[in-house]
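**Student:** please find the sequence and the predicted model below.
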Amino acid sequence: MRDPLLSTIVEGVTPGRFDRLGVAVSGGGDSVALLHLLAEWRDAAGGPPLAAVTVDHGLRSEASAEAEGVARLCHGLKVPHRILRWQGWDGRGNLQDRARQARQTLISGWAREEGLRAVVLGHTADDQAETVLLRLARGSGVDGLAGMAAERRSHGVIWLRPMLGLRRAALRQWLSAHGIDWVDDPSNDDPRFDRVKARTALTVLEPLGLGVAGLIGTADRLRMAQAVLQAAARRAARDIARVEAGGVVLAPGLRDLAEETRLRLISAALRWIGREPYRPRLAALRRAVEAAMEGRAATLAGCLILPEAGALRLVREPAAVVGLTAPADAVWDGRWRIEGPPAPGAEIRALGPEGLAACPDWRAAGLPRAALLATPALWQGDRLLSAPFAGQGAGWRAVSACGDEDAFDALFLD
């Protein structure tokens, strides 16, 4: 494989690992180069079949036409393509962050529908350096300054970034040499956005060694430190963590851990329970943990942290699932299925106070009331059919919808 760009991408994906790959293509130079190189691998060297997706955020009048342009490009490369449209922007909050979250949600849903285990993203070394600089400005710790991971599991999908070692300019040179066009999003030059400010700052900071190469090197070293910290948290999880009814109980030995390990362990539990891709802010995490260890219940990231005989019990917060419903045969709260006899017209909702009142023997389940309120239950209108975690299964049971990825210990492999 003579093309060094293609060799880098193939190595990052790992030949033979996936029978099909999803590719996120915006129409910009990085993702267009990625698509062409993956198609070349498929055609010339036995790479896996591809499926592509484009998210139209609807924020610019040209976006729809650009997405259609990607569709034509994919048609010419014999790559199935789909356009997903986001209509969730209400003009409030951080636009780029909201758009990023929307992309991840939409693309992961598409990937699951298509039966794709992995989606390849076109982030480059330049993106990595900008990310590290932005996180440095926000006071991030080891995890943040380790930068974007080359591989990450989230939303039931493996996200691959095989181009983190490639420069943006090299990809555009490759495109130009092959006569391939791309579209530049004008927001990439809009100084109102922090990422654009970071891009400009990197040029100014280059003489101090804080350019792309310097920040990439720092991120590489911090990833090594991150691996050590993750390993310590993994050992602690095996020693003192117990999964129970979809929550996590952390034994009194939690108090003896170094603060970094303790916070990492609790953060992982919060992420796992709430299906959140990112850990809470450090200040908020510290406040919640301090309160819980002093004997006061705390809420954070859609979870409750409950003191319990020297231990801590972390469970889903009832307020986070109020009004959340799913058909009886679907996934509820991104995590649960209820399996059992057919129940036409039934739906999954949180057990809640009303449901718990209909379970006279709930104490026999050995779980505190606060932990049971947010557990999945099967309802038919106002009638409770099943409360699997409250001792009233009635022929149904609650099972994880996430398979092997539901292992709490797997969080420490990111």
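**Tutor:** Thanks, I have the structure now.

**Student:** for the record, mean pLDDT for stretch 214-224?
**Tutor:** On average, the pLDDT along stretch 214-224 is 95.

**Student:** likewise for stretch 352-369?
**Tutor:** Across stretch 352-369, the average pLDDT comes to 95.

**Student:** next one: stretch 48-62
**Tutor:** For stretch 48-62, the mean per-residue pLDDT is 85.

**Student:** endpoints of that stretch, how far apart?
**Tutor:** End-to-end distance for stretch 48-62: 32 Å, by CA to CA, to the nearest Å.

**Student:** and for stretch 347-354?
**Tutor:** Here the two ends of stretch 347-354 are set 15 Å apart, with distance taken as CA to CA.

**Student:** from the chain's centroid, how far away is it?
**Tutor:** Here stretch 347-354 is found 26 Å from its chain centre; the criterion is CA atoms, centre = their mean, to the nearest Å.

**Student:** stretch 281-299 too?
**Tutor:** When C-alpha coordinates are averaged (CA atoms, centre = their mean), stretch 281-299 and its chain have centres 24 Å apart.

**Student:** now it: buried residues?
**Tutor:** Buried residues in stretch 281-299, defined by neighbour count with 16 or more other CB atoms under 10 Å: 285, 288, 289, 291, 292, 293, 298. To be clear about C-beta, it is placed using only N, CA and C from the backbone, and glycine gets the same treatment.

**Student:** and for stretch 256-266?
**Tutor:** 257, 261, 262, 263, 264, 265, 266.

**Student:** who touches that stretch?
**Tutor:** With contact meaning CB atoms under 8 Å, 6 or more residues apart in numbering, stretch 256-266 is reached by 229-230, 232-233, 236-237, 240-241, 250, 254-255, 282, 285-286, 289, 305, 312, 314.

**Student:** from the residues you listed, which would you call buried?
**Tutor:** 229-230, 232-233, 236-237, 240-241, 250, 254, 285, 289, 305, 312, 314.

**Student:** which of those fall in strands?
**Tutor:** Among these, the members found in strands (DSSP state E) are 241, 250, 305, 312, 314.

**Student:** hey, what's the first one bridged with?
**Tutor:** Meaning residue 241. residue 250 (DSSP bridges).

**Student:** what of the fourth one?
**Tutor:** Beta bridges link residue 312 to residue 250, residue 307 when assigned by DSSP bridges.

**Student:** where does pLDDT dip in the stretch 101-250 of the chain?
**Tutor:** Residues of the stretch 101-250 of the chain that meet the criterion pLDDT under 70 lie in 186-187, 189.

**Student:** redo that, cut-off 80
**Tutor:** Residue ranges of the stretch 101-250 of the chain with pLDDT under 80: 101-102, 185-192.

**Student:** cool, and the stretch 301-414 of the chain?
**Tutor:** 401-414.

**Student:** hmm, 70 instead?
**Tutor:** Along the stretch 301-414 of the chain, the model assigns pLDDT under 70 to residues 402-414.

**Student:** what residues sit buried inside stretch 340-347?
**Tutor:** Neighbour-count burial for stretch 340-347, counted by 16+ other CB under 10 Å, picks out 340, 343, 346, 347.

**Student:** from start to finish, how long is it in a straight line?
**Tutor:** Counting by CA to CA, you get 13 Å between the two ends of stretch 340-347.

**Student:** residues making contact with it?
**Tutor:** Contact partners of stretch 340-347, identified using CB under 8 Å, 6+ apart, comprise 325-328, 378-381, 385-386, 393-397.

**Student:** secondary structure element holding residue 172?
**Tutor:** Residue 172 belongs to helix 168-177 when assigned by DSSP states H and E.

**Student:** hmm, I was thinking of residue 119
**Tutor:** Using DSSP H and E, residue 119 falls within strand 118-120.

**Student:** now the angle from whichever helix or strand comes after that strand to helix 168-177?
**Tutor:** Toward the C-terminal end, the helix or strand that comes next after strand 118-120 (DSSP H and E) is helix 125-137. Orientation note: helix 125-137 sits at an angle of 160 degrees relative to helix 168-177 (axes from the mean of the first three to the mean of the last three CA atoms, to 10 degrees).

**Student:** which strands or helices does helix 125-137 pack on?
**Tutor:** Contacts defined by 3 or more CB pairs under 8 Å, 6 or more residues apart in numbering; DSSP states H and E place helix 125-137 against helix 142-145, helix 168-177, helix 194-205, helix 212-240.
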